[in-house]
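S.K.: Whatever this is, show me its structure:
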Amino acid sequence: MSSYVDREWFYFLRGRELLIYKLLGGSTSERITQAGVFKTQQNELMYPDENIEDGLRIEYTALNEPFVSEELESTTGYASGVTISFSGSAISDSGSGFAATGASFAQGDKIRVQGSSNNDGDYTLSSSGTVNSSTLTLASGSFTTESAGERITITQIPLEDSSPSETSHANLNKMLSLALVDYIKAMKYDEAGDIERKEYYMKEFYGKLGDNESNKRNVSMTFPSGPFAVR
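M.R.: Residues are numbered from 1 along each chain as shown. A predicted model of the protein is given here:
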């Protein structure tokens with residue numbers, strides 16, 4: 001997210017380094033030919049001249065938890081508002097509360113706090129502490145005391161399974177999990193020398209990746225109809 005909303009951004013991932021460049025409009029050169037005058041635009045890339053204080057923020061995902069104890073689709077706990085405060089090991093909501101429809105949390109859940117002044121991060125709720133309509137209690141640690149007022153968002157995220165078994169879930173949604181199965185099948189057939197089946201499952205793999213991306217992009221377009229348009 002940048003204050004330069006009129007600029008295009010490019011990134012280059014090199015190992016653990018994430019290099020970011022801002023596209024600038026370069027100089028225009030002209031040359032005269034028999035067909036006419038041709039103009040070319042020389043685009044330039046530069047390093048961002050912003051930092052986090054000026055409004056530059058980078059967000060991306062890293063799969064640090066490959067296996068989780070519950071499927072991604074079951075992590076539905078969510079709460080957001082300006083009535084959430086922090087004190088000790090508890091998060092309190094003086095507004096509609098955490099037990100409202102669509103915002104329920106359970107003991108032992110892992111949550112992500114965003115939007116606070118001092119307490120953004122991932123936390124695990126106590127398996128025996130208070131989880132009710134107005135209070136969430138941490139399993140360990142404590143918060144920096146913070147009064148309500150900021151727009152706080154709390155989201156349930158998958159709980160890591162440190163000892164994976166046949167009941168564990170890959171930290172992927174259902175579509176990507178199915179794509180992973182196709183990829184594993186493709187590699188098994190490749191190892192066996194069955195190129196035809198390997199290519200078939202690779203095609204299925206890339207098809208599911210495309211479906212997963214298209215599911216994120218819901219575009220709606222409307223056009224006004226003229227008074228004499230055919231209906």
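S.K.: three-state assignment of the closest residue to I154 other than its chain neighbours?
M.R.: Once flanking residues are discounted, I154 sits nearest to A79: 4.6 Å by CB to CB, 6 or more residues apart in numbering. Any C-beta I mention is one placed from the backbone N, CA and C, and that applies to glycine too. Three-state assignment for A79 (DSSP: H, G, I helix; E, B strand; the rest coil): strand.
S.K.: Show me which helix or strand of this structure is least confident by mean pLDDT.
M.R.: strand 36-41 (a mean of 58; mean pLDDT, DSSP states H and E).
S.K.: coming back round to it: ok, how many other residues are close to the residue nearest to I154?
M.R.: A79: 25 surrounding residues under other CB atoms under 10 Å.
S.K.: what's the answer for S92, then?
M.R.: Using other CB under 10 Å, S92 has 18 other residues around it.
S.K.: my read is it is in a helix, agree?
M.R.: No - looking at S92 with three-state DSSP, it is strand, so not inside a helix.
S.K.: That one contacts G81, correct?
M.R.: No - in this structure S92 lies outside contact range of G81 using CB atoms under 8 Å: 11.5 Å.
S.K.: tell me, what's touching these two both at once?
M.R.: Shared contacts of S92 and G81, defined by CB atoms under 8 Å, 6 or more residues apart in numbering, are absent.
S.K.: could you say which helix or strand contains G210?
M.R.: Using DSSP states H and E, G210 falls within helix 195-214.
S.K.: packing partners for that helix?
M.R.: helix 174-191 (3 or more CB pairs under 8 Å, 6 or more residues apart in numbering; DSSP states H and E).
S.K.: With only the CA atoms kept, save the helix it packs on in CSV.
M.R.: Extracted in CSV, the C-alpha atoms of helix 174-191 (Å, rounded to 0.1, in the frame of the first residue of the first chain):
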residue,chain,number,x,y,z
LYS,A,174,-9.8,-26.9,-0.6
MET,A,175,-9.0,-26.0,-4.2
LEU,A,176,-5.3,-25.7,-3.6
SER,A,177,-5.3,-29.0,-1.7
LEU,A,178,-6.9,-30.7,-4.7
ALA,A,179,-4.2,-29.1,-6.9
LEU,A,180,-1.6,-30.4,-4.6
VAL,A,181,-3.0,-34.0,-4.9
ASP,A,182,-2.8,-33.7,-8.7
TYR,A,183,0.8,-32.4,-8.5
ILE,A,184,1.8,-35.4,-6.3
LYS,A,185,0.2,-37.8,-8.8
ALA,A,186,2.0,-36.1,-11.6
MET,A,187,5.4,-36.6,-9.9
LYS,A,188,4.6,-40.2,-9.1
TYR,A,189,3.8,-41.0,-12.8
ASP,A,190,6.9,-39.0,-13.8
GLU,A,191,9.0,-41.2,-11.5
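S.K.: Let me see the mean pLDDT of that helix.
M.R.: The pLDDT scores in helix 174-191 average 91.
S.K.: Contacts for that helix, please.
M.R.: 71-73, 169-170, 172, 195, 197-202, 204-205, 208-209, 211-212, 215.
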